[in-house]
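Undergrad: I need the structure of the sequence given here:
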Amino acid sequence: MSTMVDKVASALYLSGCVKFGSFRIKSGAASPYYIDLARVLSAPEQLCSIAEVAAERIKQIMTADQIDKLASIELKGALIAPSIACRLNLPCVIVRKEEKNYGVTGRIAGADVNKGENILFFDDVISEGLSKVEGIKALQELGATVKHLLVVVNREQGGKENLEKLGYRVYSLVNISEVVDSLRKRGCIPEHQAEKVIEYIRQFHK
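TA: Numbering: from 1, shown residues only. Next comes the predicted model:
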C-alpha cells in the first residue's frame, strides 16, 4: 500500500468524510458507504493532507502538460480547490451549477476564463462521471481547453472509463477499494464492513 493512499485514506477517515453503514446516494440506490468531502473543513490537518497530495499529483501532470488554472464546480470540490490552488500558485475558477442573474452574472466565479487556456478540472468524487461534463462544458464554451480531470476518490462505478471514452484524462488520488483496504489493514474498520464495500463495487464490474 502506497504512502499516498494511506495518507488520503487516513485523512478521509479521521475527518469523518467517509462513513460506513447504509446510505441512499444521489442516484437513489443504496450504498454501504458515503463520502462527504465537506466534512474535511472541520479538520484542518486532514484538509491540508488532502490538498498537499492533490497538489503533488497536479505537479506531476504539469511536467507533461501546461496547466493555466484549476477549476471546480460547486459545492464539494469547490470547497477544497482553493487550498490546492494556493500550493500550486494557480488561479482558481468555480463553476456555478446555475446561472447567476444579478450582480456579476454568469456561471463563473473567481478567476476569469480566457480563450485558449488549459484548465484542470477538480472534484471530490467520481461515480458515473456524467455530471462532470456539465461543469466542463461551461469552461469550454468560454474557449478554454479541459483535458485533465482529478478527483479525490474514484467510487469505481465506471465514471473514469466513461469520461476517458470522451477523450479526457482522468486521475484520482485514491480508489474506494484502496481506502477500504488501507482502513481494514490498520484496524479502523472491521472485516465484514470492508467486504460489504468490496462486494458493492464488484456489481459495477460484471
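Undergrad: where do the helices sit along this structure?
TA: 3-14, 44-62, 76-88, 130-140, 159-165, 176-185, 191-202 (DSSP state H).
Undergrad: between the ones you listed, which gets the lowest average pLDDT?
TA: Mean pLDDT values for these show the minimum at helix 130-140, a mean of 91.
Undergrad: Just list what it packs against, helices and strands only.
TA: strand 69-73, strand 92-100, strand 119-126, helix 159-165 (3 or more CB pairs under 8 Å, 6 or more residues apart in numbering; DSSP states H and E). The C-beta positions use only the backbone N, C-alpha and C, and glycine is treated the same way.
Undergrad: Output the shortest one in CSV with nothing but the alpha carbons.
TA: Taking only C-alpha atoms (Å, rounded to 0.1, in the frame of the first residue of the first chain), the coordinates of strand 69-73 have been written out as CSV:
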residue,chain,number,x,y,z
LYS,A,69,-5.9,27.4,-14.0
LEU,A,70,-7.6,25.0,-11.6
ALA,A,71,-11.4,24.7,-11.8
SER,A,72,-14.1,23.0,-9.8
ILE,A,73,-17.9,23.0,-9.6
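Undergrad: That strand versus helix 76-88: what angle between them?
TA: 160 degrees (axes from the mean of the first three to the mean of the last three CA atoms, to 10 degrees).
Undergrad: Strand 69-73 pairs with which strands, parallel or anti?
TA: Partners of strand 69-73 in the sheet, by DSSP bridges, are strand 92-100 (parallel), strand 119-126 (parallel).
Undergrad: What residues does I25 make contact with?
TA: By CB atoms under 8 Å, 6 or more residues apart in numbering, the residues touching I25 are S31, Y34, S127.
Undergrad: follow-up on the earlier one: which one, of the helices of the chain, ends up nearest to F20?
TA: Ranking these by proximity to F20 (CB to CB) places helix 191-202 first, at 5.1 Å.
Undergrad: Run through the neighbouring helices and strands of the closest one.
TA: strand 18-24, strand 30-35, helix 176-185.
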